[in-house]
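Q: fold the stuff below for me.
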Amino acid sequence: MIGLFYLGVFAVYIPLSIWLTRRAVKEARKRGIAGWKFGLAMALVMYHLVFWDWIPTVVAHKYYCATEAGFTVYKTLDEWKKENPGMMETLIANKRAPSVRKGDMKNYTDTYFLNSRINWKVKRNSKLLFNRWRHEQEVIDVKNNIVLARYVDFSTSQERPKAGWSGWKFWLRNRNCSDGGYNRDKLRDFRNNFAGEKK
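A: Sure thing, here's the model as predicted:
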């Protein structure tokens with residue numbers, strides 16, 4: 001159904017853009033002006049009506065993926081075990097990892113209590129320019145509030161069409177940075193190593 005909507009919109013928008021651009025060229029020539037000047041101006045106006053945020057969104061996404069995204073281990077499992085001898089054997093995984101949420105549906109922090117010593121925090125922030133959403137996950141030792149590992153990723157646009165006009169702009173959608181899925185899997189594996197024994 002959504003595909004038909006897109007086809008309908010572009011079936012009107014593209015021919016209208018071409019017609020208006022040609023009309024601008026003719027009007028320019030009537031006035032003794034080079035046709036390409038008015039034609040280019042009209043083409044840019046029609047392009048920017050819908051695609052004005054495409055280039056800034058792509059540039060911002062690539063920049064933040066290159067400078068802030070990734071997976072970082074601050075303390076390995078072996079290092080943690082060495083600093084906390086015998087502790088790993090006492091950790092019991094909480095069934096279904098109870099959690100608490102702070103924030104709303106757009107900007108939130110979910111804290112999952114994996115066991116008596118380790119928490120897993122999932123954060124999302126949407127107050128970013130050019131349709132950017134920041135996703136962060138951390139594995140934390142609650143005894144001293146030390147971050148053991150962190151994963152940061154960025155997505156663009158809303159993930160559901162009902163989230164507003166930019167949610168319909170499928171060309172802006174990018175669920176994560178190029179290595180985001182791989183890094184998320186690494187964080188999950190790291191987190192699972194600290195979950196404790198299941199009972």
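Q: you'd agree residue 149 is in a strand?
A: Yes. Judged by DSSP: H, G, I helix; E, B strand; the rest coil, residue 149 forms part of a strand.
Q: what pLDDT is listed against it?
A: Per-residue confidence (pLDDT) for residue 149: 98.
Q: is it bridged to anything, and to what?
A: residue 73, residue 139 (DSSP bridges).
Q: list the contacts for it?
A: 71-75, 138-139, 187, 190-191 (Cβ atoms under 8 Å, 6 or more residues apart in numbering). Just so you know, the C-beta spots here come from the backbone N, C-alpha and C atoms, and that holds for glycine as well.
Q: what's the domain layout of this protein?
A: The chain breaks down by automatic domain parsing into domains covering 1-52, 53-193.
Q: out of these, which is the most enclosed?
A: Across the domains of the chain, averaging neighbours per residue (mean count of other Cβ atoms under 10 Å) puts domain 53-193 on top, at a mean of 15.
Q: just want the most central residue of this structure.
A: residue 155 (1.6 Å; Cα atoms, centre = their mean).
Q: nearest spatial neighbour of it, chain-adjacent residues omitted?
A: Closest residue to residue 155 apart from its sequence neighbours, by Cβ to Cβ, 6 or more residues apart in numbering: residue 133 at 4.7 Å.
Q: strands of this structure, start to end?
A: Assigned by DSSP state E, the chain shows strands spanning 70-73, 99-103, 108-113, 118-125, 132-141, 146-156.
Q: which one of these lies closest to residue 54?
A: strand 146-156 (10.0 Å; Cβ to Cβ).
Q: can I get that closest one in CSV? Just the C-alpha atoms.
A: The C-alpha coordinates for strand 146-156 follow below in CSV (Å, rounded to 0.1, in the frame of the first residue of the first chain):
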residue,chain,number,x,y,z
ILE,A,146,32.7,1.7,35.6
VAL,A,147,31.8,1.3,31.9
LEU,A,148,33.2,-2.0,30.8
ALA,A,149,32.3,-1.6,27.1
ARG,A,150,30.4,0.8,24.9
TYR,A,151,28.7,0.6,21.5
VAL,A,152,27.7,3.8,19.7
ASP,A,153,25.7,4.0,16.4
PHE,A,154,23.7,6.4,14.4
SER,A,155,20.5,6.0,12.3
THR,A,156,18.8,8.6,10.1
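Q: now that strand against strand 132-141, angle please.
A: Counting by axes from the mean of the first three to the mean of the last three Cα atoms, to 10 degrees, strand 146-156 points 160 degrees away from the direction of strand 132-141.
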